[in-house]
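Novice: could you look at this predicted model? Sequence included:
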Amino acid sequence: MFQQLFDTDNSFWTLLGKMVDFVGLGLFWALLCLPIVTIIPSTSALYYTVVKCFRQRKERAFLVMWKTFVSDIKKGIAVTLICLPFAVAIVLGDFVMVNHMGSDLGQVMYMAYYVVMLVAFGYLCWIAAVMARFEMKIKRLFYTSFVLALRHLPSTVVMLIVNWVLLMWTLQMWWPIFFTPVLAMLLSSLLLERIFPKYLTKEEAEEFGSKPPEEQYWDQSQN
């Protein structure tokens, strides 16, 4: 009995380990995001780790996340630096719109701007996931993410709503940071991991545990 209790392969310890990973990976992600310019590579690494360790049941989640983060950090920082000015402009624009909501026209303008802000946020969700699962240059990363976001608009909207609600909840309450980052990636993967294999050959789709060749994916995404 005691041997079974302390057997690290039994269901209790497996579940406990997953719970530790669930909380720990979210905090690790928050730590990696602190320099700001690492937000995209950190999010991309978290998505890849969640897919590998929670959906495909790979082990050593923290090691997987760290290696992924380090391997993509140069490209990820460049992508973040491209996105950051637009993100700052959108946030500043939100403050301007809020200050002009006194009239009916101002409220209508704010609602329109809010939609634009949400669309931009949804696009960023695709960028992080595509970078996590495929090898491609920065220009192609932006273009492919844009095409996929439009081509699979219903999934984009659902993913956007889920991530936006979790983000707002975390910003308002702070303590959900212990589990919302991993939960957001896990829920997003339920949609995205059904979409990505559609752009692969049958053999590549069966072996989607590794990143497929850049050119083959890009050629098929054009069709």
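Specialist: Thanks, I have it.

Novice: and the longest helix anywhere in the chain, which residues are buried?
Specialist: When the chain is scanned for its longest helix (criterion: DSSP state H), the result is helix 61-98. Neighbour counts over helix 61-98 (16 or more other CB atoms under 10 Å) mark 61, 64-65, 68-69, 72-73, 75-77, 79-80, 83, 97 as buried. Using the backbone N, CA and C atoms, a C-beta is placed for each residue, glycine as well.

Novice: the strands in this structure, which residues?
Specialist: Under the criterion DSSP state E, the chain contains no strands.

Novice: picking up where we left off before, including pLDDT and distance to F28, could the buried residues of helix 61-98 go into TSV?
Specialist: Shown next, in TSV, are the buried residues of helix 61-98 (pLDDT from 0 to 100; distance: CB to CB, whole Å):
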residue	pLDDT	distance to F28
A61	90	9
V64	92	11
M65	94	6
T68	94	12
F69	95	9
D72	91	15
I73	94	14
K75	95	20
G76	95	15
I77	96	18
V79	96	20
T80	95	18
C83	91	22
M97	76	35
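
Novice: out of the residues you listed, flag the one nearest to L148.
Specialist: V79 (15.7 Å; CB to CB).

Novice: how about the closest one: what's its closest non-neighbour residue?
Specialist: The shortest distance from V79 to any non-neighbouring residue, by CB to CB, 6 or more residues apart in numbering, is to I40 (4.8 Å).

Novice: ok, the one you found - contacts?
Specialist: By CB atoms under 8 Å, 6 or more residues apart in numbering, the contact list for I40 reads 76-77, 79-80, 83, 124, 127-128, 131.

Novice: per-residue confidence at it?
Specialist: For I40, the model assigns a pLDDT of 95.

Novice: against Y47, how distant is it?
Specialist: Applying CB to CB, to the nearest Å, the value for I40 to Y47 is 11 Å.

Novice: need the residues touching each of these two.
Specialist: Residues touching both I40 and Y47 (CB under 8 Å, 6+ apart): A128.

Novice: which parts of the protein are helices?
Specialist: 2-5, 11-33, 39-50, 61-98, 104-133, 138-151, 153-173, 180-195, 202-206, 214-221.
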